[in-house]
Structure formats: C-alpha cells, structure tokens
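**Q** What follows is a predicted structure for the sequence shown.
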Amino acid sequence: MRVSKWAVAIGAMSLAVAAAAQQPDTQYTPGPKPDPAAVARGQQIFLTNCSFCHAADATGASGPDLLRSPVVLRDQHGESIGDVVRGGRPGTAMPPFPAMTDAQLSDISAFLRGRIQEAANRMAYSFKGLVTGDAKQGAAYFNGTGTCDSCHSATGDFAGIANRYSEQQLLAHIAYPAIPPSALQNADAASRRWQSQATVTLPSGEKITGEVIRKGEFFLTLRDSAGWTRTFSLEDKKISVELNDPLAFHKAQLKKYTDADLHNLLAYLETLK
C-alpha cells in the first residue's frame, strides 16, 4: 500500500533578486505576465538553440542558470540579451547566433521571463481536482474499517470541518496529522489533549512526567510539572521512557492507507459543511 502523491506537507518559499540602489536597471521587477504565444515560440527557439548548455528549463547545465543572470533579469524584449546571443562569449563555450532576429530574441526573452516568474511565484498555485474519491465509501471507512468514529464525530468535532480547511489542508491532516496550533497556545485541558506526554524512570526509581517538547532519534526533551525543561538521552540504558502520543494511531495509519482510502475520506469530509 502507498500514500497518495498528493498527501504532502507543504512549506513556503520565495525568491528575491535585487541590486544596489545606484543601479536600478539591474533590479528584477516581475512586471506583466508575458504573452503565452510568445512564450511558446520562445520555448521552441530556446530548446533548439540554447537548451544543450542551459537545460530545457533554463536553470543551467554546462552553461549558467539563466534565471539568475543579471543580463536576463533586466531584459524585457531581447534588448539586453541580444548582444550576447548574437555575438556569443569569446573565450567561452557560448557560440554566436548572428542570424537571430529581433522577433526571435523577443520571443526567447518572453520564455525566460515566464520561467523567472514561475520560479519567483512557484508557491502561488492552487490544487484542483483533489476530490476524486467516493463520499459513501469514505463514510463507510470513517465509521467502519478506519474506526475514525471512535474518536471523532461528524456532528461533533468534525461538524463543518470542510468550512474550516481547504481540500489540500484536509488531505494533509488525514495523512500527516499534527498537533493543532491552538493546543500549543491554550492551556486548558480540552485544548491540550493532543499534546504527547512522556514518563522517564531514572535508575533511582524516580519518575519524571511531562509534556514532550521534542523527540528525536537520540534525545527526548520534556517540560515537567514544575515547568522545567529537561532533556534525556534515549541511548541511556539506565533509564526507561514511556510515551503517550495521542496521534500514535494516526501515524500508524499512514502505513495502512491506500490512495482510495485517502481520497474517499477526503470526499466524505468535504460533505461535512
């Protein structure tokens, strides 16, 4: 069984390219989206003439990454890259293309600007078509095989859940459950029920119990009842550690889910509005 290719945790990244204030012509400003027809023409010209050194996506191979090139970044319609393309780079592997027309250069520029904008805004996308499962089968899994209803309720904690989370967020929560941020910020017992607890028994027999702050392969850090942060080596054979992880069941399910399970569950949860 395998986990859906969509079930991933998603982080956020950004690209900023700037130059000194005295050289504003080298500062990259995304500007309007280039004409798709020009981008398509430019891509074909680029693939034929440039990709063997700069890669098909212009990120560089034996030649440099053009998406980071100051010459390319300040180009709009081929006016900056024209001399380099037509004249080449003497003493380097960059050959000249003297027959390249202004229109072709403009199209190549459109393709490169499109690639730069895609890289600069690569997190500005939306997921579509995630809800491909069967809601009835998802309900059957929720209330049957998956035993989700032993902890959750469609009319209780999950009531209106599809209004609180997007499709991709729901799918990520199903596959990779995490402690809700409110549980880490709110001190009341109901909110902190998701917090993992650990009890460490020392060689003397003393037991130290607290909330797990961090657990890695070699160390466990917890906050005890007095508010002290304490770290223990998990390689220390003289101590024993007992963990109580409220999300353990969910984490174990990750190895059991099929694509159908995940998407059927998502389809069912999407009905809870």
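**A** Received it, and whenever you're ready, just let me know what you need.
**Q** Beyond the helix or strand of the chain with the lowest mean pLDDT, next helix or strand please.
**A** Across the helices and strands of the chain, mean confidence by mean pLDDT, DSSP states H and E is lowest for helix 181-185: a mean of 50. Sequence order places strand 197-201 as the next helix or strand after helix 181-185, per DSSP states H and E.
**Q** now what about that following strand, what contacts it?
**A** By CB atoms under 8 Å, 6 or more residues apart in numbering, the surrounding residues in contact with strand 197-201 are 207-212, 215, 220, 222, 230, 232, 239-244. Heads up, the C-betas are built off the backbone N, CA and C, glycines and all.
**Q** Just the ones of those in strands?
**A** 207-212, 215, 220, 222, 230, 232, 240-244 (DSSP state E).
**Q** of these, the lowest pLDDT goes to which?
**A** On pLDDT alone, Lys215 ranks lowest of those, at 84.
**Q** burial count for it?
**A** For Lys215, the neighbour count with other CB atoms under 10 Å is 16.
**Q** Now Val39: which helix or strand?
**A** helix 36-49.
**Q** who does that helix touch, helix- and strand-wise?
**A** Packing partners of helix 36-49 (3 or more CB pairs under 8 Å, 6 or more residues apart in numbering; DSSP states H and E): helix 102-120.
**Q** Can you give the distance of the helix it packs on from its chain's centre?
**A** Taking the mean of its C-alpha atoms, helix 102-120 sits 26 Å from the chain's own mean (CA atoms, centre = their mean, to the nearest Å).
**Q** Whichever helix or strand comes after that helix: which residues count as buried?
**A** Per DSSP H and E, helix 102-120 leads on to helix 135-143 as the next helix or strand towards the C-terminus. By 16 or more other CB atoms under 10 Å, the buried positions in helix 135-143 come out as Ala135, Gln137, Gly138, Ala139, Tyr141, Phe142.
**Q** and helix 135-143, C-alpha only, in CSV?
**A** Extracted C-alpha coordinates of helix 135-143, given in CSV (Å, rounded to 0.1, in the frame of the first residue of the first chain):
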residue,chain,number,x,y,z
ALA,A,135,-18.0,10.0,-0.3
LYS,A,136,-20.1,7.0,0.6
GLN,A,137,-17.1,4.7,0.7
GLY,A,138,-15.3,7.4,2.8
ALA,A,139,-18.2,7.4,5.3
ALA,A,140,-18.1,3.6,5.5
TYR,A,141,-14.3,3.7,6.1
PHE,A,142,-14.8,6.5,8.7
ASN,A,143,-17.5,4.6,10.6
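**Q** Can you list the buried residues in whatever helix or strand comes next after that helix?
**A** Downstream of helix 135-143, the next assigned helix or strand under DSSP H and E is helix 161-164. Neighbour-count burial for helix 161-164 flags Ile161, Ala162 (criterion: 16+ other CB under 10 Å).
**Q** Mean confidence (pLDDT) on helix 161-164, please.
**A** Mean per-residue pLDDT for helix 161-164: 91.
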